[in-house]
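Novice: Sequence first, predicted coordinates after that:
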Amino acid sequence: MRYHEQISRFKKWQKDPASSGIDGLSINFDQDIPALCLKCPADRILEVASILQEGRPVFASLVVEEDGGDWNLGYFFYGDSNEGLIRLGTSVPKNRPQLSSLSHLLHAVDWHEREVEDLFGLVFEGHPGLGDFVLHEEWPEGINPMKQGFDALTPYPHREVSPRWRPVSLVRARGAFMMPIGPVYSDYAESAHFLLETVGEDVIRTIVRLFYKYRGVEKIAQTRTVSEALLLSERFTGTSAFAHSLAFCQAIERLWKCKVPDRAVALRTFMAEIERFRHHVAAVAAIAASTGLGVATSQAAIMEEELLRLSCRLTGHRYLFGLNLPGGLSLDISDPDLRGAVREAREVLQRFQDLRRLLTYTSSFLDRIEQVGTVSRECARTTGLVGPVARASGIVKDIRKVLPYALYKDLEFACPNEKEGDGYARLRILFDECKESVKILDSIAGRLPGGPVRTKQMEPRPGAAMGWVEAPIGAAFHWVRTGKDGRIERYRISPPSFLNWHGFHLAAERFAFQDFPIILATFGLSVAESDR
Amino acid sequence: MTKWILKGLATGIKTTAYPSVPETAPGVSPGRPGTTYFADKDMELIKHCPAKALFGKAGSVRVDYRRCIHCFQCTRTEGYPSIDWEDGFEWASLAGYPERDQVSITPLGRPFSRSVHIRIVDAGACGACMSEIAQLGKPYYNFHRLGLFVTPTPRKADILLAVGPLTDHMRLALQKTYEAMPSPRRVVAVGTCALSGGPFGPSFISGAGIHETIPVDFSVPGCPPPPLAVLHGLLLAAGRAEPVPLKSRDSARDNPGKEVR
């Protein structure tokens, strides 16, 4: 069954609830979010989820909210065609916060459920791996910071870690050794900890320990004004700041029914593609560096710096901070400047393609990335990988195509995909996407509408909405609920890196230890984005 | 392999000549707001700063760079004149925390004038600061030419470069790194988050900067500070550059003889 057939089945049930055969299932369409909402009692959630997964939906986000004496849970999904979101909702009473885990049906929700258990104290029955996750072992059990009443601004006293604490190791074999990597590195890597269970050269099991950089963005955003939360939305991950602030702004604009001027929409699309281009160039530099190819690293790094300088000259900031605002942009960019930017981007792309040609003829480089870190299509689908990593494994899902936002509906661009799922396929995707990004830049600069770039007409309205973008790393979903006074009541970020780190171990296992940094680089994930 | 060598040679030298020659290429630095004299009615601009980095003094708006996060609200808010925007990037200074005796802070000194080894700790940074630090090792900035190196072990490190508001989960790692460094050692806090917590701290899970846990000697403000600002901070810690005050630089009106860049 395809996703759109699934949607039409649910719409049929919406008209005739009895025909579904599930007690207590109600279906309605929420215009605000916007999503087709399925709501069922907590004890029926497995049944509904198994019907839902027949349509092979892609998991987007799990949003938990406090509603009086209940916890409201919403699992969000999207499909492979432009049919919108589905929200699978249920609620459990606070005094008995237990429900069935969906992780064996939809493996992609696995880490989301672990996160919710840690931060909200909900127990997912049947989940194999609950426990310390976001909050590490020094955090007391039973204290859940996302609960209302937990003070976000007071430092929290911690218990000491028991000296007997050890990470769980599973491999029992002669010569088995657990190799710790991180969280402090000898170079410029972000803080994350990897435990590699090795026997000799081979990595048998990879454990990714994240959230060293957990800054509690979702908690500290609560009770803040929209303009304060905007700062968090763009600064929790500096290297894809524009994409995430765009998702946040789109959620606010959808909720507050604000029409963004055409010129701002076009400029936003333009800047988002500049960011994607710069991000992918940096990712290629990291891949070249991981294989020790000095000249290629330098070449890509030169282009990265040139794109950073281009961003700075266009918008005043090298990482596009301070540009997005709910209602448009803080700055107009003149048409000649944009055309100049496109010329420069085209020139950089030219050199980038030359670099690609050289790389494809360097056998020592190809030996290290070909058939290394392979993720099969089936594995990529079940673990819910997104973005370039998923597209390298044959999953053609791009939010710009399946849930078009900004100007993408009217733009012609290809969605590159590869089948092999190895490091080389991921590298090719990065190169191909850059080409498409510059094509998009070109077509926007050619037909930019005039007019203002910002609207002031915004009335705060209580409610909740979802905003989404295809960030450079993949699909990002931002859920925003505001109150009557326009302040944030709940902010939920589902970053693509979080989904992809969940599947990272698939690629890093069964390979030699020295391949690990290369696999890590070809995944190109951000720790700050995942940790929030 | 010859192809790569030829490619490298054909590219030529991209590296900046800073600090011997001032770097003026457009886009190397976003610049930052500076002390600005306003009419009384426009002093209200202070209220529009979401980071609470602006303050009024003697008819002028000044900037606390430990808090400024480059959100551009003070130059792009409708109905107000724009704050003066400074170019340049030589932003590093002594740490400037009142609880620390500033006179006791000295640069590393002569034995380190040709070779300084750096350890970097990401204590919860968003990635932009790390990316800017990483640029230093790349062709446009190439800090190896100045004898600055990133070291694989804290035992050989002279300078600790700390980034991020210091999340709880990184506190132990930062402390251990600092303790493992031999003296003389210097700590350079890079970025607004490392100096004041930025938009994240203080909160239940992150602090209000690195100085709460380990003594900070030098500050590099900025969100993120551009690569050359970080380089300025490193040169300062090595005793090879002059500091500038952390609070907004004195304007031309206070100090007519001094040039404002």
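Specialist: That came through, no problem. Numbering: from 1, shown residues only, chains lettered A, B, ... in the order given.
Novice: which residues does the residue nearest to residue A:330 when sequence neighbours are not counted contact?
Specialist: Once flanking residues are discounted, residue A:330 sits nearest to residue B:76: 4.4 Å by Cβ to Cβ, 6 or more residues apart in numbering or on different chains. C-betas here are computed from N, CA, C, even on glycine. By Cβ atoms under 8 Å, 6 or more residues apart in numbering or on different chains, the contact list for residue B:76 reads A:322, A:330, A:331, B:82.
Novice: can you do 10 Å?
Specialist: Contacts for residue B:76 (Cβ atoms under 10 Å, 6 or more residues apart in numbering or on different chains) come out as A:316, A:322, A:323, A:325, A:329, A:330, A:331, A:454, B:48, B:82.
Novice: So which of the residues you listed is the closest to residue A:356?
Specialist: Of all the contacts of residue B:76, residue A:323 has the smallest distance to residue A:356: 29.9 Å, by Cβ to Cβ.
Novice: and that closest one, how many residues sit next to it?
Specialist: Look at residue A:323: counted by other Cβ atoms under 10 Å in any protein chain shown, it has 27 neighbours.
Novice: For residue A:55, see how far away the nearest residue to it once chain neighbours are set aside is.
Specialist: Leaving aside its sequence neighbours, residue A:323 sits nearest to residue A:315 (Cβ to Cβ, 6+ apart; 5.2 Å). Note on residue A:315: its distance to residue A:55, by Cβ to Cβ, to the nearest Å, is 41 Å.
Novice: These two: who's more crowded?
Specialist: residue A:315 (24 against 20).
Novice: Quick check: that one touching residue A:271?
Specialist: Yes - between residue A:315 and residue A:271 a contact is recorded at 7.0 Å, counting by Cβ atoms under 10 Å.
Novice: Which pLDDT value goes with the residue nearest to residue A:330?
Specialist: Note for residue B:76: predicted pLDDT of 84.
Novice: what about the strands in chain B?
Specialist: Taking DSSP state E to define them, one finds strands in chain B at B:32-33, B:36-37, B:54-57, B:60-63, B:85-86, B:93-94, B:116-122, B:148-150, B:159-163, B:186-190, B:218-220.
Novice: which secondary structure elements does the fifth one contact?
Specialist: I take that to be strand B:85-86. Counting by 3 or more Cβ pairs under 10 Å, 6 or more residues apart in numbering or on different chains; DSSP states H and E, the packing neighbours recorded for strand B:85-86 are strand B:32-33.
Novice: Roughly how far does residue A:254 sit from chain B?
Specialist: 23 Å (Cβ to the nearest Cβ, to the nearest Å).
Novice: need the contact list for that residue.
Specialist: So residue A:254 contacts A:31, A:32, A:33, A:34, A:405, A:463, A:464, A:465, A:466, A:467, A:480 (Cβ under 10 Å, 6+ apart).
Novice: Just to be sure, residue A:478 is in a strand?
Specialist: Yes - counting by DSSP: H, G, I helix; E, B strand; the rest coil, residue A:478 is part of a strand.
Novice: in terms of contact, does it touch residue A:250 like I think?
Specialist: Yes - if you go by Cβ under 10 Å, residue A:478 and residue A:250 touch, sitting 7.9 Å apart.
Novice: which residues do those two both contact?
Specialist: With Cβ under 10 Å, 6+ apart, residue A:478 and residue A:250 have common neighbours A:465, A:466, A:467, A:468, A:469.
Novice: contacting residues for the second one?
Specialist: Right, residue A:466. If a contact means Cβ under 10 Å, 6+ apart, then residue A:466 has A:30, A:32-35, A:60-61, A:63, A:74, A:76, A:85, A:87, A:247, A:250-251, A:254-255, A:403, A:477-480, A:492, A:494 as its contacts.
Novice: And those, which of them are buried?
Specialist: Taking 16 or more other Cβ atoms under 10 Å in any protein chain shown as the criterion, what is buried in the contacts of residue A:466 is A:30, A:33, A:35, A:60-61, A:63, A:74, A:76, A:85, A:87, A:247, A:250-251, A:254-255, A:403, A:477-480, A:492, A:494.
Novice: Just those residues: which are in helices?
Specialist: Counting by DSSP state H, these place A:247, A:250, A:251, A:254, A:255 in helices.
Novice: among those, which two are most distant?
Specialist: A:247 and A:255 (12.8 Å).
Novice: Include pLDDT when you put the contacts of residue A:254 into a markdown table, please.
Specialist: Output for the contacts of residue A:254, formatted as a markdown table (pLDDT from 0 to 100):
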| residue | pLDDT |
| --- | --- |
| A:31 | 81 |
| A:32 | 81 |
| A:33 | 83 |
| A:34 | 86 |
| A:405 | 88 |
| A:463 | 89 |
| A:464 | 90 |
| A:465 | 91 |
| A:466 | 91 |
| A:467 | 92 |
| A:480 | 92 |
